[in-house]
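Undergrad: need the 3D shape of this:
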Amino acid sequence: MKIETYPLYVQPLLQLFHQVHPLSPEIGKYLAEHIDQVEVEAGDLLQESGKPSLYIYFIIKGAVRGFIKDNKKDISTWISADGELVTSISGIDGHSNALENIQAVENCRMLRVSTAAVQELYTIHPAFNTTVRKILQVYYLDAERRAFVVRLSSAENKYLFFIEHYSHLANRIQLQYIASFLGITMETLSRVRRKISFS
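TA: Numbers count the residues shown, from 1 in each chain. As a prediction, the model looks like this:
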């Protein structure tokens, strides 16, 4: 499949899929016909908890986070940026509701494809199931990392782990979101960052 034969704006997402597992021209055509380009502003919600996941997003430029509410506390569960896919897995089947909210933390330019279209694609072109399975393996690995970092007892080790695996976000994402993601307070994060910068 020649990616360059498709409209320019859909090519980044098709390229991602194609790198994971070769797409047939039929799958490429279907996706190209069902992909939209959207722009959202920092602070906008892409997904609300308690509602079905209607879209899968691909971030061309920008950053978003997943978060939950625990009473009045806002807890960031993940952060993603340029070149990544985002959705709420818990609500993607069309039968369950999302557990998380998804919010833009920067102005974003994104591509989106409806979860209904993806479900239809599984039936029409079963080979696409392989593509999605391989993508889910990558994202499951990232979920393992997130589960690991919150179990570290030392705030310094948590931040060092963050720098090792998410260095591209360290000076880009608001510190309140990084602290929440790591399960530490802003004050603790600031102290750890100062200690590391002077060591």
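Undergrad: tell me who's in contact with the spatially most central residue of the chain.
TA: The C-alpha lying nearest the average C-alpha coordinate of the chain belongs to V86 (C-alpha atoms, centre = their mean; 3.2 Å). Going by C-beta atoms under 8 Å, 6 or more residues apart in numbering, V86 touches L46, I56, Y57, F58, I59, V64, G66, S80, I102. Yep, even glycine has a C-beta here, placed from its N, CA and C like the rest.
Undergrad: one more: V40?
TA: L46, G62, A104, N107, C108, M110.
Undergrad: take the contacts of V86 and keep only those in strands.
TA: Using DSSP state E, the subset of the contacts of V86 located in strands is L46, I56, Y57, F58, I59, V64, G66, S80, I102.
Undergrad: nearest to H18, of the contacts of V86?
TA: Comparing the contacts of V86 against H18 with C-beta to C-beta picks out F58 as the nearest, at 13.0 Å.
Undergrad: and for the closest one, the neighbour number?
TA: Neighbour count of F58, defined by other C-beta atoms under 10 Å: 22.
Undergrad: within the helices and strands, which one has Q176?
TA: When elements are assigned from DSSP states H and E, Q176 belongs to helix 175-182.
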